[in-house]
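# sequence and computational prediction follow.
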Amino acid sequence: MKVEVWSDYVCPFCYIGKKQLEKAIEDMGYKGQVEVEYKSYLLDPNTPVDTEETVYSELSKKYGMPIEKVKEMTKGVEERAAVVGLHYDFSKMKSANTLRAHRLAKWAETKGKGQEFTELVLKAYFLEYEPIGKQEVLLKIAEELGLDVKEAEEVINGDQFTQEVEQDIEQAQSLGVRGVPFFVFENKYGISGAQPQEIFERTIKRVAEEKGLKPKLQMLGEDGANCIDGQCNM
């Protein structure tokens, strides 16, 4: 089963949706039978790379509302994130330009580390409050994954994989994607936003039935008394 996910690294619902999808796949017993591909999307490509603007300030300008109202709004997102085990603190977050991160993610994919890179960038931004638009942060993530730091630096400072990022965005536009996260199952079914987990489960079940996939056996409880090779464990 193929699932394509359009997301941006500064989108709080993208990380929430990622966790919901992963949990749905595991709970339904299809782990190892689902290929997830993360696609690039830029919510605000004009964000300066060296920005120090807080998320509160950015949202206040974007929506034309006072900071206190922004804090109330993000409080609800923090509560939603906590449900899936993510502990957000918007007071510690700053804006970030994500083009470098997306380009480096494309490079990491060629090394077989694309999904791991995506997870660590999201974790760095939402849980560790790192400025993911900056080179040193991205290089640290590459090093953590055992990737060639010098090669990663060359990618960051060049224009490699820019075309791949742009192609993802163009594909999203052709599909009518207006916001992220956006999930496409087998190029047939779409889910917009971080929906309740039952929506993901229902979609996975439908696609699995169409493709003839069977869930893996789910073990309940710990190992009990049994006999193996003529020897019984009481």
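Here it is on my side, so go on.
# could you use CA atoms for every contact and neighbour count after this?
Will do.
# show me the helices in the protein, by range?
Per DSSP state H, the chain has helices spanning 12-27, 55-63, 67-83, 99-110, 114-126, 135-144, 149-157, 162-175, 197-211. These are given in chain order.
# most neighbours per residue, which of these?
helix 99-110 (a mean of 22; mean count of other CA atoms under 10 Å).
# nearest to Ile191, out of the helices of the chain?
Closest to Ile191 of the helices of the chain is helix 197-211 (CA to CA; 8.0 Å).
# got the CA positions of the closest one in CSV?
Extracted in CSV, the C-alpha atoms of helix 197-211 (Å, rounded to 0.1, in the frame of the first residue of the first chain):
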residue,chain,number,x,y,z
GLN,A,197,-7.6,8.2,13.8
GLU,A,198,-10.7,6.3,12.8
ILE,A,199,-10.7,8.1,9.4
PHE,A,200,-7.2,6.8,8.8
GLU,A,201,-8.1,3.3,10.0
ARG,A,202,-11.2,3.2,7.8
THR,A,203,-9.2,4.3,4.7
ILE,A,204,-6.4,1.8,5.4
LYS,A,205,-8.9,-1.0,5.7
ARG,A,206,-10.6,0.0,2.5
VAL,A,207,-7.4,0.1,0.5
ALA,A,208,-6.1,-3.1,2.1
GLU,A,209,-9.3,-4.9,1.1
GLU,A,210,-9.0,-3.6,-2.5
LYS,A,211,-5.4,-4.8,-2.7
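# tell me where the model's unsure across the chain.
Judged by pLDDT under 70, the chain has its weakly predicted residues at 219-225, 229-230, 233-234.
# run through who's touching stretch 59-67.
Tyr56, Ser57, Val70 (CA atoms under 8 Å, 6 or more residues apart in numbering).
# thinking again about what came up before, quick one: which of the helices of the chain is nearest Pro48?
helix 99-110 (10.6 Å).
# roughly how far is that closest one from the heart of the chain?
In terms of CA atoms, centre = their mean, to the nearest Å, the centre of helix 99-110 is set 13 Å apart from its chain centre.
# for that helix, name the packing helices and strands.
Packed against helix 99-110 by the contact rule (3 or more CA pairs under 8 Å, 6 or more residues apart in numbering; DSSP states H and E) you find helix 114-126, helix 149-157, helix 162-175.
# residues contacting it, please?
Applying CA under 8 Å, 6+ apart, the external contacts of helix 99-110 come out as 9, 40, 42, 45, 114-115, 117-118, 121, 132-133, 138, 147, 152, 155-156, 160-162, 164-165.
# now stretch 19-30
The list of residues contacting stretch 19-30 from outside it, by CA under 8 Å, 6+ apart, reads 31, 34, 84, 194, 196-198, 200-201, 204-205, 214-218.
# what's the farthest-apart pair in those residues?
Ala194 and Leu217 (27.4 Å).
# who has more neighbours out of those two?
Between Ala194 and Leu217, counting by other CA atoms under 10 Å, Ala194 is the more crowded of the two (23 against 9).
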